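Trainee: structure, please.
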Amino acid sequence: MGDQQPAFLYYQIGGFRPNLTLQGEFRYDLRKLAEAIFGSKPLVELVLGIRPSGASAILVPTSEWIKKEDFNYPGTPQPASDFLSLSPLQFDNASQLARKLNALKPKGKRRGEDDSAANKIFLGDIGQAGQFRSAFEHSRLLFHAFKPSSDVSRFGLSRSSPWASAQVISLVFNEWTHEKGVFLDIGWSSMDCATRPPTFRTSVHLEVEDTRHFGNKGKQRVGFRYGETEVLKQSSVSTRVRDLLRCERPLILLVHDEGAVRTLFRGLGIDTDSMASGLKTFSKSRGVFRGRYTYKDSRRRSLSPRRDGGSRDQRPRSPPRTQKPVCLVDIRQMYITLCRRIAESNASLSAVAAELGLQGDDKSMCAGNESRLLAEMWMTMASGPAIDEQYGARWGADAARVSAIATQSASGGSAPSADPGDVDFDPNDLAPTGWAAAAQPSRPSQMMDWDDLDDDEEEFYGR
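Mentor: Here you go, the predicted structure:
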């Protein structure tokens, strides 16, 4: 695909203060609007915009939309800068689109505010919801963009920008539970994300010689399934990790707990100040690297003093050098954002994997094996539907309905049928794609106080 001029202006379809509606008597008919947008097309690919508040909007690039007499165009098109993220949003039929439009329809109970079922929760001071939700969508966008045939200009990206050459590596380490700052092993896996499905290139597993015989209660060291384990002194492990980060191409580093990984790196004498949190640097201004999320070290734990009483800051630091950007993607935070939990989770890697429908072993320990699992966790979420649709498919009312249908079918009973024109239920948008297809977690989300929601909002949030 050749470079195209990115579409920086968008019409908002439906929702609060839209830029694209139907004319006349059907102006507020969301089903008619969905049908008019679909026409005779087998599917429609639009754009999901996440605002700084966390609220979402359905968008279409102005450069792609051919103006029609049946539509009104109130207001002015919205620039990409109004949104923290722009990502793919696909609908397989008009009923799916109508359902999304219905969730974004303001109720009109709070004049001048977006009190729709989908966005009411983001009114007022809601902290970092916009940052976290957009970070989730950045992973979806980059996963989509890595496919060579995908159109990235509609999201403001250009294939001539640095993101197109980025490499993706997942990294895991196991810390000794008896003393902070002492780690037992470390592993990483590199991937080729241009293939579908993505393929693993290499995996590495390093054990620290001085702590090789240490263990954690309830965990058993197991063999490395993807190569030979190397046993090295900690200084050699530090060199190997520094070499990994001294990359010739931009690096997307998938981790399970960003704070812990930054602490580990600092303990190995690696400067983390230049490392970005998330993929925001890839997703703005045609992919040009500028700015980054500010990482709040105060939220995370620090390393304990060394046994000899010395300071870890006395360790030799990596020499200054020019290197490509390193972006840390916290997979656990992606999961927390997706499942809508208020409190920060301390869930283990294997526990999160199980919630995502992947098989992990919480009684074994091998950072090399776990690095593969971590990569699959990222692919499971990044390859799936947009954040709210993916939540509904995994934990929401949709998942409960599909489970009930499957149970009745398996027992030989008569499964309830779904009306294809029913805006409130469409089984076609229930199953996440790719690795997410088998994900059906065992427990519901606990994000919000349900007493604050009305019936429509409880339906949207999957009570």
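Trainee: phi first, then psi, for residue 336.
Mentor: phi -60, psi -40 (degrees, to the nearest 10).
Trainee: can you report how many residues lie near it?
Mentor: The local packing of residue 336 (other Cβ atoms under 10 Å) involves 20 other residues. Every residue, glycine included, has its C-beta placed from N, CA and C.
Trainee: can you give me the pLDDT of it?
Mentor: We have a pLDDT of 94 for residue 336.
Trainee: doesn't residue 345 make contact with it?
Mentor: Yes: contact status for residue 336 versus residue 345: in contact at 5.2 Å, counting by Cβ atoms under 8 Å.
Trainee: can you give me the buried ones in stretch 351-368?
Mentor: When burial is assessed from 16 or more other Cβ atoms under 10 Å, stretch 351-368 yields the following buried residues: 352-358, 360-361, 365-368.
Trainee: show me which of the residues you listed is closest to residue 142.
Mentor: Closest approach between the buried residues of stretch 351-368 and residue 142, by Cβ to Cβ: residue 356, at 18.5 Å.
Trainee: what ranges do the strands span in the stretch 251-400 of the chain?
Mentor: Along the stretch 251-400 of the chain, counting by DSSP state E, counting those that start in this stretch, strands occupy 251-255, 276-277, 326-330, 364-365.
Trainee: got those as TSV, with mean pLDDT and distance to residue 56 columns?
Mentor: Converted to TSV, the strands of the stretch 251-400 of the chain look like this (pLDDT from 0 to 100; distance: least, Cβ to Cβ, whole Å):
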stretch	mean pLDDT	distance to residue 56
strand 251-255	97	24
strand 276-277	94	22
strand 326-330	96	21
strand 364-365	94	39
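Trainee: indicate which one of the ones you listed is closest to residue 84.
Mentor: It's strand 276-277; of the strands of the stretch 251-400 of the chain, that one is closest to residue 84 (Cβ to Cβ) at 13.3 Å.
Trainee: could you say what helices and strands that closest one packs with?
Mentor: strand 326-330 (3 or more Cβ pairs under 8 Å, 6 or more residues apart in numbering; DSSP states H and E).
Trainee: what lies in contact with the strand it packs on?
Mentor: Outside of strand 326-330, the residues within contact range by Cβ atoms under 8 Å, 6 or more residues apart in numbering are 135, 139, 245, 247, 250-258, 261-262, 274-279, 281-282, 292, 378.
Trainee: between it and strand 251-255, how big is the angle?
Mentor: Here the directions of strand 326-330 and strand 251-255 differ by 30 degrees (axes from the mean of the first three to the mean of the last three Cα atoms, to 10 degrees).
Trainee: let me see the contact set for the closest residue to residue 146 other than its chain neighbours.
Mentor: The shortest distance from residue 146 to any non-neighbouring residue, by Cβ to Cβ, 6 or more residues apart in numbering, is to residue 193 (3.9 Å). Residue 193 makes contact with 143, 146, 168 under the criterion Cβ under 8 Å, 6+ apart.
Trainee: what does residue 362 give?
Mentor: Residue 362 makes contacts with 348, 350-351, as judged by Cβ under 8 Å, 6+ apart.
Trainee: and residue 228, how far from residue 184?
Mentor: From residue 228 across to residue 184, the span is 17 Å (Cβ to Cβ, to the nearest Å).
Trainee: what segments of the stretch 151-300 of the chain are helices?
Mentor: Applying DSSP state H, counting those that start in this stretch to the stretch 151-300 of the chain gives helices spanning 234-245, 258-267, 280-283.
Trainee: what is the mean pLDDT for the shortest one?
Mentor: Along helix 280-283, the predicted confidence averages to a pLDDT of 77.
Trainee: so what's the gap between it and the chain middle?
Mentor: 13 Å (Cα atoms, centre = their mean, to the nearest Å).
Trainee: packing partners of that helix?
Mentor: Counting contacts by 3+ Cβ pairs under 8 Å, 6+ apart, helix 280-283 packs against helix 129-145.
Trainee: and if you look at the second one?
Mentor: Counting contacts by 3+ Cβ pairs under 8 Å, 6+ apart, the secondary-structure elements packed against helix 258-267 are strand 167-175, strand 326-330.
Trainee: so what would you say the end-to-end distance of stretch 22-41 is?
Mentor: By Cα to Cα, to the nearest Å, the extent of stretch 22-41 from end to end equals 18 Å.
Trainee: just the buried residues of it, please?
Mentor: For stretch 22-41, by 16+ other Cβ under 10 Å, it's 22, 30-38.
Trainee: just the residues you listed: which are in helices?
Mentor: Filtering those for membership in helices, criterion DSSP state H, returns 30-38.
Trainee: okay, now the residue nearest to residue 182 when sequence neighbours are not counted: neighbour count?
Mentor: Spatially, and ignoring its direct neighbours in sequence, residue 182 is nearest to residue 176 (4.2 Å; Cβ to Cβ, 6+ apart). For residue 176, the neighbour count with other Cβ under 10 Å is 15.
Trainee: these two touch, right, residue 176 and residue 213?
Mentor: No: judged on Cβ under 8 Å, residue 176 makes no contact with residue 213 at a distance of 11.2 Å.
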